[in-house]
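[1] Got a predicted structure here, sequence first:
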Amino acid sequence: MPKLILVRHGQSQWNLENRFTGWWDVDLTEKGVAEAVAAGHLLREKAVLPTFAFTSLQTRAIRTLHLALEAAGRLWIPEVKDWRLNERHYGGLTGLDKAETAAKHGDDQVKIWRRSFDIPPPELEAASEYDLASDPRYAGIAIPNTESLKLTIERVLPYWESTILPVLARGETVIIAAHGNSLRALAKHLSAISDADITDLEIPTGQPIIYDFDETMQPRERYYLKDA
Ligand SMILES: O=C(O)[C@H](O)COP(=O)(O)O
């Protein structure tokens with residue numbers, strides 16, 4: 001039965017500092033490294049061994065993938081990196097402190113920016129220090145100025161359908177190391193979560209989530225590998 005493993009990167013420096021991150025490239029903390037290694041040990045312990053990997057273009061997800069694969073003895077498997085698995089772009093909120101932003105704009109407004117389905121945060125200004133236009137990894141890519149979950153789904157899902165699903169369908173055990181909101185986008189689709197209910201879905205760092213697929217490539221309900 002094809003198996004899909006979703007893992008959100010381990011704690012990042014800006015998770016620790018409680019700052020909006022999005023597409024900004026932030027590395028793992030020591031705790032994040034430990035979470036990634038623990039995820040790999042869990043894969044090995046439960047004998048859920050990936051044969052093909054996908055990740056984003058962001059350091060925190062790439063390192064999480066590599067640390068987990070190394071701990072699982074699978075550093076050698078093929079991997080593909082793609083911007084479509086990046087975190088949702090946090091627009092003009094990038095770099096701001098989440099608590100300070102809530103104090104300034106109110107908890108309700110920040111909840112809308114963070115968890116509403118289709119209301120994007122304010123756009124990133126072109127002159128912002130967080131503008132990624134000159135980052136070589138995004139050469140040729142139309143970098144968004146902000147993204148709601150809906151907009152994130154609009155780039156994650158076509159990639160899932162065109163590129164990841166066919167790999168899974170040929171019988172590979174696929175691991176996707178990505179981000180809170182790119183994984184919420186995928187889980188919304190795979191678990192058929194409504195636009196209203198997706199608000200409540202939180203994805204913890206470094207905790208492998210499994211989808212088993214049946215012979216018609218329909219996903220069963222997801223579960224945490226630690227509970228299997
Ligand atoms: O980009 C970020 O700030 C985090 O990775 C996810 O943030 P969120 O919990 O506000 O969606």
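    Nice, thanks for sending it over.

[2] Look up the closest residue to the residue positioned nearest the centre of the chain, ignoring the ones flanking it.
    Centroid-nearest residue in the chain, with C-alpha atoms, centre = their mean: His179, separated by 1.9 Å. Spatial nearest neighbour of His179, excluding adjacent residues (C-beta to C-beta, 6 or more residues apart in numbering): Glu87 at 3.6 Å. Heads up, the C-betas are built off the backbone N, CA and C, glycines and all.

[3] any idea how far Gln218 is from the residue nearest to the centre of the chain?
    25 Å (C-beta to C-beta, to the nearest Å).

[4] Next: Gln109.
    Gln109 is 38 Å from Gln218, by C-beta to C-beta.

[5] between these two, who's got more neighbours?
    Gln109 (14 against 10; other C-beta atoms under 10 Å).

[6] Any idea how many residues pack against the nearest residue to the more buried one once chain neighbours are set aside?
    Nearest non-adjacent residue to Gln109, counting by C-beta to C-beta, 6+ apart: Ala102, 8.0 Å away. Neighbour count for Ala102, taken as other C-beta under 10 Å: 16.

[7] ok, and for stretch 30-46, which residues are buried?
    Across stretch 30-46, burial judged by 16 or more other C-beta atoms under 10 Å covers 32-33, 35-40, 42-43.

[8] So which residues on the protein come close to the ligand?
    Residues of the chain that fall close to the ligand, judged by C-beta under 6 Å from any ligand atom: 20-22, 87, 90, 114, 179-181.

[9] residues contacting whichever residue of the chain sits closest to the ligand?
    Nearest residue of the chain to the ligand: Thr21, at 3.6 Å (C-beta to the nearest ligand atom). Thr21 makes contact with 12, 14-15, 87, 90, 94, according to C-beta atoms under 8 Å, 6 or more residues apart in numbering.

[10] Return the subset of the residues you listed lying in helices.
    14-15 (DSSP state H).

[11] would JSON lines of the contacts of Thr21 with neighbour count, pLDDT and distance to Arg170 be doable?
    As requested, the contacts of Thr21 are exported to JSON lines (neighbours: other C-beta atoms under 10 Å; pLDDT from 0 to 100; distance: C-beta to C-beta, whole Å):
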{"residue": "Ser12", "neighbour count": "27", "pLDDT": "98", "distance to Arg170": "33"}
{"residue": "Trp14", "neighbour count": "20", "pLDDT": "98", "distance to Arg170": "37"}
{"residue": "Asn15", "neighbour count": "20", "pLDDT": "97", "distance to Arg170": "35"}
{"residue": "Glu87", "neighbour count": "25", "pLDDT": "98", "distance to Arg170": "28"}
{"residue": "Tyr90", "neighbour count": "25", "pLDDT": "98", "distance to Arg170": "35"}
{"residue": "Thr94", "neighbour count": "22", "pLDDT": "98", "distance to Arg170": "38"}
